[in-house]
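Enquirer: Fold the following.
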Amino acid sequence: MIDKVIKYLKSLRFTLLIISLLGIMFLLGLWIPQESIVSQEMLSRWALSSPKMVATLKWLGFLSIYTSPTMMIMWGFFFLNLSLVMWQRLPLLKKRISLSPTRIADPATAPGYPYHASYSLPDHIDGATLLGLLRKNRYTVLGEGACFLAVKNRLSPIAFALFHLSFFLVLVGGLTSAYTKFVGIVEVSEGESFQGELSHYVPNPYPAKIGAPPRVSFTVKSVVPERTNETATGCKVTLQDARGEQLADVNRPYHDDNTTFVVDNVGVTPLFVVRNAAGQEIDGAFMKLHVMGGKEDVFTLAGYHFRAHFFPDYFVKDGYPGTRSQAITNPVFLIEVEHQGKHITTGTVPVNGTLAFDGQQLLLKQLPLWVRFSVIKEHGLPVIYAGFAVASLAVIWRFLFYRREIIGVIREEEGERRLVVAGRSEFYKTLAIDEFEALFDKILDSSKGKEK
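Expert: Numbering: from 1, shown residues only. Down below sits the predicted model:
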């Protein structure tokens, strides 16, 4: 019974079945919203509209399908199948690498050799000299005297095992990455420090199943957006951490503690202050506002609500405010003041400007920028890269340094010493025949009677 189960687990039929099931799981992962990608708000709306479906998918673990128990079981069977197939082929692999005297055969009658040739052997070349010349051409030679076996790239079959080993490395790296992956978004203003606190992430981050959140500490010293012909081309962010000053850009992430911080967006963090009739500051704060690109944002100070519209390069045409570009050259806020649901006033506030309302004033004192980082921490990527590197090495080794094999014998024919050879290769058989011909033309004096 056990033998039948093992035989089935290493069969081609089971291989095709498990690959098909894995493919279905990957397709489901593209169709089913995943917790690590969509927001909690979207998941909540979906749960309200389809409560039974969402509950079932969550119970199955399909909202995190790539780390679900079902997926782990399938991967386990896939690599069990791969291990059994590899174990089955190891004796064959060992046999192909080894050089056994039993493999030395008569080249005139040995099957499976497409290249056959007979050469007149010069007097100055004996068996030992011939084998020495083959070794100089990077052939491993077995045999002494009249009969021999010569193999080039004898260890090439090991590339087959390395290629399959790369699958295991990718698996280990993938599992490590999936279970240690931390994903979040953090917004930090110029002059503000980030100490790795979870409360700084907006919204709540997607935590790792194993491992701690990023232990990263830095201060944003400056944020400089870059534009070319009114098109955003980059954003240079200067950071200060324990290692010194660091530079991050859209295409140059900041790295620390196996964590990547990718510059994702930029905005303004105005310092608004409310003054009373006596000129005293009664409230104030830096506000990270999402108002770039014509968006509206709201903030609260001193019990009042303020609706903010931002014009990076302010101008007025026909009585209507607008912006000439998105470059922050003449920044002005259009503020609507509300209190207890009632509209109080509307006005513009430039840097160091004020807006009067209800006997008080709203003052814009500073206008630093904030930068949004997409934060990803995972530990498995180096192992995944190593797996792909091993796979690439195996493919290059297998197909560029492929195995060539020659069997030969020196015999007397009609009173003449002749070298009779047969050759074969794993790949590129026509090219290999040309190579064998060039090899023996180089070793021997081909003018002395080559016959085919």
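
Enquirer: Going by C-alpha atoms from here, please, whenever you check contacts or count neighbours.
Expert: Noted.

Enquirer: Provide a list of residue ranges in the stretch 251-400 of the chain with pLDDT below threshold.
Expert: Filtered on pLDDT under 70, the stretch 251-400 of the chain yields no residues whatsoever.

Enquirer: What ranges does it have for its helices?
Expert: 381-400 (DSSP state H, counting those that start in this stretch).

Enquirer: which residues of it fall in strands?
Expert: Per DSSP state E, counting those that start in this stretch, the stretch 251-400 of the chain carries strands over the ranges 254-256, 259-268, 271-275, 281-286, 296-301, 304-311, 314-317, 320-323, 332-339, 342-350, 354-357, 360-366, 369-377.

Enquirer: The stretch 51-200 of the chain too?
Expert: 115-120, 139-142, 147-152, 182-189, 193-194.

Enquirer: Quickly run through the sheet partners of the second one, with directions.
Expert: Meaning strand 139-142. strand 147-152 (antiparallel) (DSSP bridges).

Enquirer: Rounded mean pLDDT for the partner strand, please.
Expert: Average pLDDT, strand 147-152: 90.

Enquirer: Nearest to residue 320, out of the strands of the stretch 51-200 of the chain?
Expert: strand 182-189 (30.7 Å; CA to CA).

Enquirer: Packing partners of that closest one?
Expert: The criterion is 3 or more CA pairs under 8 Å, 6 or more residues apart in numbering; DSSP states H and E, and the helices and strands that strand 182-189 contacts are strand 369-377.

Enquirer: Using CSV, list the CA coordinates for the strand it packs on.
Expert: What follows is strand 369-377 as a C-alpha-only set of coordinates in CSV (Å, rounded to 0.1, in the frame of the first residue of the first chain):
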residue,chain,number,x,y,z
LEU,A,369,6.2,69.4,2.8
TRP,A,370,5.4,65.8,3.8
VAL,A,371,6.5,62.7,1.9
ARG,A,372,4.7,59.4,1.8
PHE,A,373,6.7,56.2,1.9
SER,A,374,5.5,52.8,1.0
VAL,A,375,7.1,50.5,3.6
ILE,A,376,7.9,46.9,2.9
LYS,A,377,9.9,44.6,5.2
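
Enquirer: what does that strand contact?
Expert: 180-190, 213-214, 223, 237, 257-270, 288 (CA atoms under 8 Å, 6 or more residues apart in numbering).

Enquirer: Switch the strands of the stretch 251-400 of the chain over to a markdown table; also include distance to residue 198 and mean neighbour count.
Expert: As requested, those are exported to a markdown table (distance: least, CA to CA, whole Å; neighbours: other CA atoms under 10 Å):
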| stretch | distance to residue 198 | mean neighbour count |
| --- | --- | --- |
| strand 254-256 | 16 | 16 |
| strand 259-268 | 14 | 20 |
| strand 271-275 | 24 | 21 |
| strand 281-286 | 20 | 15 |
| strand 296-301 | 22 | 15 |
| strand 304-311 | 27 | 21 |
| strand 314-317 | 37 | 13 |
| strand 320-323 | 36 | 14 |
| strand 332-339 | 31 | 20 |
| strand 342-350 | 34 | 15 |
| strand 354-357 | 35 | 18 |
| strand 360-366 | 27 | 19 |
| strand 369-377 | 12 | 22 |
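
Enquirer: Make CSV out of those and add distance to residue 7.
Expert: Below are the strands of the stretch 251-400 of the chain laid out as CSV (distance: least, CA to CA, whole Å):
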stretch, distance to residue 7
strand 254-256, 48
strand 259-268, 44
strand 271-275, 72
strand 281-286, 68
strand 296-301, 65
strand 304-311, 70
strand 314-317, 76
strand 320-323, 73
strand 332-339, 74
strand 342-350, 78
strand 354-357, 82
strand 360-366, 74
strand 369-377, 41
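
Enquirer: Residue 22 is nearest to which of the ones you listed?
Expert: Per CA to CA, nearest to residue 22 of these: strand 369-377, 25.7 Å.

Enquirer: Where is the longest helix in the chain?
Expert: As assigned by DSSP state H, the longest helix anywhere in the chain is helix 69-97.

Enquirer: for that helix, packing partners?
Expert: helix 2-9, helix 12-31, helix 158-180.

Enquirer: domains in the chain, as residue ranges please.
Expert: For the chain, automatic domain parsing gives the domain ranges 2-94, 98-154+402-451, 165-221+228-263+372-387, 271-370.

Enquirer: Could you export these as TSV, including distance to residue 393?
Expert: Output for the domains of the chain, formatted as TSV (distance: least, CA to CA, whole Å):
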stretch	distance to residue 393
domain 2-94	18
domain 98-154+402-451	13
domain 165-221+228-263+372-387	10
domain 271-370	45
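
Enquirer: returning to what we had before: mind checking which of the helices and strands packed on helix 69-97 is nearest residue 397?
Expert: Closest among the helices and strands packed on helix 69-97, using CA to CA: helix 158-180, at 6.2 Å.

Enquirer: roughly how far out does that closest one sit from the chain middle?
Expert: What separates the centre of helix 158-180 from the centre of its chain is 13 Å, taken as CA atoms, centre = their mean, to the nearest Å.

Enquirer: Also stretch 406-417?
Expert: Counting by CA atoms, centre = their mean, stretch 406-417 comes out at 58 Å from the chain centroid.

Enquirer: give me the low-pLDDT residue ranges for the stretch 51-200 of the chain?
Expert: In the stretch 51-200 of the chain, residues with pLDDT under 70: 145.

Enquirer: and if we set it to 90?
Expert: 51-72, 74-113, 118-138, 140, 142-148, 153-161, 163-165, 167-168, 170-181, 183 (pLDDT under 90).

Enquirer: Tell me who's in contact with the closest residue to residue 273 other than its chain neighbours.
Expert: In space, and not counting its chain neighbours, residue 273 is closest to residue 284: 4.0 Å by CA to CA, 6 or more residues apart in numbering. Listed by CA under 8 Å, 6+ apart, the contact partners of residue 284 are 271-274, 301.

Enquirer: same deal with residue 139?
Expert: Residue 139 neighbours (CA under 8 Å, 6+ apart): 150-153.

Enquirer: which of these lies closest to residue 327?
Expert: residue 153 (62.5 Å).

Enquirer: so what's the backbone phi/psi at the nearest residue to that closest one once chain neighbours are set aside?
Expert: Counting by CA to CA, 6+ apart, residue 153 lies nearest to residue 403, which is 4.9 Å off, once chain neighbours are set aside. The phi and psi values for residue 403, taken as degrees, to the nearest 10, are phi -80, psi 130.

Enquirer: Could you report the separation of residue 403 from residue 156?
Expert: According to CA to CA, to the nearest Å, residue 403 and residue 156 sit 6 Å apart.

Enquirer: Please apply the same query to residue 104.
Expert: Residue 104 is 20 Å from residue 156, by CA to CA.
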